[in-house]
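In: When you get a sec, could you give me coordinates for this:
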Amino acid sequence: MMSNLKLGVDVIGAHNLFPKDGQGTSNAYVELYFDGQKHRTTIKDRDLNPVWNESFFFNISDPSRLHYLNLEAQAYSHNRSTNGRSFLGKVSLSGTSFVPHSDAVVLHFPMERRGIFSRVRGELGLKVYITDEASLKSSAASNDHQDNLDPALPRVSAMKVEHRSDKRHVFYNLPNNAQEHQQQQHPQGSNQPSSSAAEPDHNNEHHNHYVPKHQVDEMRPQPPPPSKLVHAHSIASAQPADFALKETSPHLGGGRVVGGRVIHKDKTATSTYDLVERMYFLYVRVVKARELPIMDITGSVDPFVEVKVGNYKGITRHFEKRQHPEWNQVFAFAKERMQASMLEVVVKDKDLLKDDYVGFVRFDINDIPLRVPPDSPLAPQWYRLEDKKGEKIKGELMLAVWIGTQADEAFSDAWHSDTAMPVDCSPAISAVLRSKVYHAPRLWYVRVNVIEAQDLIPTDKTRFPDVYVKAQLGNQVMKTRPCQARTLGAVWNEDFLFVVAEPFEDHLVLTVEDRVAPGKDEIVGRTYIPLNTVEKRADDHMIHARWFNLERPVVVDVDQLKREKFSMRIHLRVCLEGGYHVLDESTHYSSDLRPSARPLWRQPIGVLELGILNAVGLHPMKTREGRGTSDTFCVGKYGQKWVRTRTMVDNLSPKYNEQYTWEVFDPATVLTVGVFDNGQIGEKGNRDVKIGKIRIRLSTLETGRIYTHSYPLLVLHPTGVKKMGELHMAVRFTCISFANMLYQYTKPLLPKMHYVRPFSVMQQDMLRHQAVNIVAARLGRAEPPLRKEIIEFMSDTDSHLWSMRKSKANFFRMMTVFSGVIAVGKWFSDICSWRNPITTVLVHVLFLMLVCLPELILPTMFLYMFLIGLWNYRFRPRYPPHMNTKISQAEAVHPDELDEEFDTFPTTRSPDMVRLRYDRLRSVAGRIQTVIGDLATQGERFQALLSWRDPRATAIFVIFCFLAAIVFFITPIQIVVALAGFFTMRHPRFRHRLPSVPVNFFRRLPARTDSML
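Out: Numbers count the residues shown, from 1 in each chain. Below is the predicted model:
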């Protein structure tokens, strides 16, 4: 069955094209190429900013090959005098960037060169999408007969209209259900309206002909107003345009940001919230009430308060039988969503069937005062309640009402109307919707050196005890090796390392156990050590060992205790290591490198400010009332400080506009921001679902510049890489002391103890796992909690697991690193082969100069690198690096490799699948084994030069070394080096195709391969 899938391409327009007609303009048109199909737009005469608004459709013959196909748009300028054309630029898009019609948006791609000497500039606006509308027909038939026409004639393949006749003709737009939704979600859209092709009248389809689209547009209603440009990068920038970073120019609290600098600065803006859009809220603080009238038969009242603005309603908790309740709750109503001019605060009495009306207070919103920090908080006032008739009644309510911004102190603890849940508005749900700042506990390493135990009393005295020590700290358990105590004493001298968090809640428990039989152990003695009594150290000085008494786990006979004069004891050396930094995240993405001991901390070098503006194009993560939706919030992590924005309920285009600040102690650190869907709304016990994550390395940021970008949220799923939306953020790194920041580049990355007494790789992985569990347990007890799945996702706990995709990515990264060395090797090979005689002669002259003047070698090298650095300054990155799907090898990864990457540990797949993957891993490991064996062979041949394993070869080499020593002693070193260099770069006429004598001699040397089994 033939597929109905089609690739739709809307050619919107171009901007700032290069003039190619000799008169400062161009006659531009665009040709589209996809899977052997070709379409062409009309020609726009004498216009460097042409607008086409034409739509084309390509047949997709095999949807499974779509990811391997490319769409290419080439722009030309038509020369009417010569009937020729000039190249204006091209845009190439990979099949991995094609999205459904509902997710498509107009993107403006920079023109690419076709060759080295191509002169291009400007941008081309395209909207590319995939559709399965059966009513749409491919434009291939229309272009087949037009390829032979005069290019001067206007040609439109996608726009059809009927011949004129007496009957009325109706034109239809192609289906574009998501167009209005996208215009709301993408405020930085295209400056040209996106339109679709007109659909033909099927009653007269045999009489269709083609006309330019502007004639059809005259019969259409006016398009919506244009939105802002979306700048993207095409396939030449190493990844699809839809996955690339986009720079924006938003209007923030401090003014409009253009190119990282604030222009049109707002004089009234507050200095603390200048990285987000200023949002106004109506704040209502309900403090308390007094002398409320009795409403129940029992002579009491169960009061609660409703705060209503239009359709939004906030409710306080209710008290039972209390005439003088105290709430002290704050409600915040977003002013941009308010559709009423009056604020009503109603006091009600809680009843089983229907709540009774007690009284209300009404405010005119236009008369409410404005308060902006640093103004002091507004003092609450007593207001007399009124009944439904407007008459004053008994009872008063203390309120504070004002209009403020998100910089207000009450913002984080307030109930927000834009986070209101229509299903459940209980205080428990409101608690998990608020924005909060968390401080992760300070972590320490606990080092336990188990030296020995003495005077052990086993339960079975007919045998020598086979004892070992089990150390336990919380959920962390470690054991020593078993040791047979022939003298009722045992010596181990083993080190244990644990992770503990302040405040120290758990005790260190050491148990001496006797292995009576396989799988059966008996406790000999136990001791408890409070961590508050343990000595702390910040360096590697020796800790004094101490003896601790071992207590029996059960009560024994009193007479036996009298006969035992000595108690069992254990010799330990315990300390809290403050000179290490406890690694609770991957070392590649560390956000804090300070040691645990506070006296070792240095002064901060700067301040990091983050403004989380909004998100657009988010994918629905759940279904509510038959439609897809999301309840999203953002989490930011840097150092010990975690931040969480408020949850935006039922919103796929949330506006957060929250700003946070961190102190920076090291520029070689990473800020991590994640977007999650709140799983605590509705059904209880659901996990918070990850939507995407962004990392920003501070060392890549210029100080003082505001980076406003829209970051794509890329997540790897079992089906491949997927874009879950875009997060718009503003980031600024401000340096306090430039000298201190430069001084940091001379210091070790980690504290001193990591180099004095380093940990093994196994220890680092184990300790990191324990540290993440401790942080997750502590932050999970906060309100609202940061759940374990959030901590693990932000800390990259699974970064060390095996993945074929990551292995390929790391291999290609290594090849990219060595590509410069390989290029130099190829260049030197060309020099030796005299491919370019002039260049080779110049290299000979330079080589002779360096040999004669060796003191110029190092100055020449450093001057060369200096000039390269100055040259590359022009092309320095203007935005922070982002996740790259091509570097990650996530675009063309095999589905089975993805399934292996998402498999749990241990595996849950079938035995046949595991066997297949094991065989594949064996084949890969076999190649690695061969390479390692070849490297070992070459090294063993070097060792065989002087080992007399081959006596004749060693004798030849020894005699050669003796003669070489005499020659080098007599001959100046410059002459030797010059002769060796000229011999290496000799002309190919003086070369032999066979390997040289030294190579032949080296390959004949023996290795230990013949000793391998």
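In: separation between residue 857 and residue 827?
Out: Separation of residue 857 from residue 827 (CB to CB, to the nearest Å) stands at 18 Å. C-beta coordinates here come from the backbone N, C-alpha and C atoms, glycine included.
In: contacting residues for residue 250?
Out: 256, 257, 277, 613, 708, 728, 730 (CB atoms under 8 Å, 6 or more residues apart in numbering).
In: Now for those: which two are most distant?
Out: The most widely separated members of the contacts of residue 250, counting by CB to CB, are 256 and 728 (14.8 Å).
In: Just the pLDDT for residue 181.
Out: Note for residue 181: predicted pLDDT of 41.
In: Narrow the contacts of residue 250 to just the buried residues.
Out: The neighbour-count test (16 or more other CB atoms under 10 Å) marks 257, 277, 613, 708, 728, 730 as buried among the contacts of residue 250.
In: Settle this for me: the fifth one is touching residue 614, isn't it.
Out: So the one you mean is residue 728. Yes. Counting by CB atoms under 8 Å, residue 614 is a contact partner of residue 728 at 5.0 Å.
In: Just the helices from the stretch 801-950 of the chain, written as ranges.
Out: Along the stretch 801-950 of the chain, the segments classed as helices by DSSP state H, counting those that start in this stretch run 804-817, 819-832, 837-852, 857-873, 895-901, 911-944.
In: mind checking the SS state of residue 12?
Out: Of the three states, residue 12 takes strand under DSSP: H, G, I helix; E, B strand; the rest coil.
In: Now do it, the pLDDT please.
Out: 93.
In: residues contacting residue 613?
Out: 250, 276, 277, 655, 656, 657, 728, 729, 730.
In: So the closest residue to the fourth one other than its chain neighbours versus residue 657, what's the distance?
Out: The reference is to residue 655. Leaving aside its sequence neighbours, residue 655 sits nearest to residue 614 (CB to CB, 6 or more residues apart in numbering; 4.4 Å). Distance of residue 614 to residue 657, given as CB to CB: 7 Å.
In: what's the answer for residue 772, then?
Out: 31 Å.
In: Also residue 621?
Out: 22 Å.
In: Pretty sure residue 339 sits against residue 311.
Out: Yes. Between residue 339 and residue 311 there is a contact at 7.0 Å, judged by CB under 8 Å.
In: who's more crowded, these two?
Out: Set residue 339 next to residue 311 and count neighbours by other CB atoms under 10 Å: residue 311 wins out with 11 against 8.
In: contacting residues around the more buried one?
Out: Residue 311 sits next to residue 339 when contact means CB under 8 Å, 6+ apart.
In: For residue 364, see how far away it is.
Out: Residue 311 is 18 Å from residue 364, by CB to CB.
In: What count of nearby residues applies to the closest residue to residue 902 other than its chain neighbours?
Out: Spatial nearest neighbour of residue 902, chain neighbours left out: residue 718 (5.1 Å); criterion: CB to CB, 6+ apart. Neighbour count of residue 718, defined by other CB under 10 Å: 10.
In: was I right about residue 718 contacting residue 899?
Out: Yes. Residue 718 is within contact range of residue 899, at 6.0 Å (criterion: CB under 8 Å).
In: Strands of the stretch 251-400 of the chain, start to end?
Out: Taking DSSP state E, counting those that start in this stretch, the strands of the stretch 251-400 of the chain run over residues 251-252, 255-258, 261-263, 280-290, 303-309, 312-315, 326-334, 342-349, 356-364, 381-386, 392-405.
In: ah, wrong one, I meant the stretch 401-550 of the chain
Out: Under DSSP E, counting those that start in this stretch, the stretch 401-550 of the chain gives strands at 415-416, 436-439, 443-454, 466-473, 476-479, 483-484, 490-501, 507-517, 520-530, 535-537, 546-549.
In: and the angle for the third one with strand 520-530?
Out: With axes from the mean of the first three to the mean of the last three CA atoms, to 10 degrees as the basis, strand 443-454 and strand 520-530 are set at 120 degrees to each other.
In: Just the buried residues of strand 443-454, please?
Out: 443, 444, 445, 446, 447, 448, 449, 450, 452, 453, 454.
In: Any chance of TSV for those residues, columns pLDDT?
Out: Putting the buried residues of strand 443-454 into TSV (pLDDT from 0 to 100) gives the following:
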residue	pLDDT
443	94
444	94
445	95
446	95
447	95
448	95
449	95
450	94
452	92
453	91
454	89
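In: from those, which two are the most distant?
Out: It's 443 and 454 that sit farthest apart of the buried residues of strand 443-454, by CB to CB, at 33.8 Å.
In: Pretty sure residue 320 sits against residue 303.
Out: No. Assessed by CB under 8 Å, residue 320 is found out of contact with residue 303, at 9.3 Å.
In: Where do the strands of the stretch 701-850 of the chain begin and end?
Out: 706-717, 720-735.
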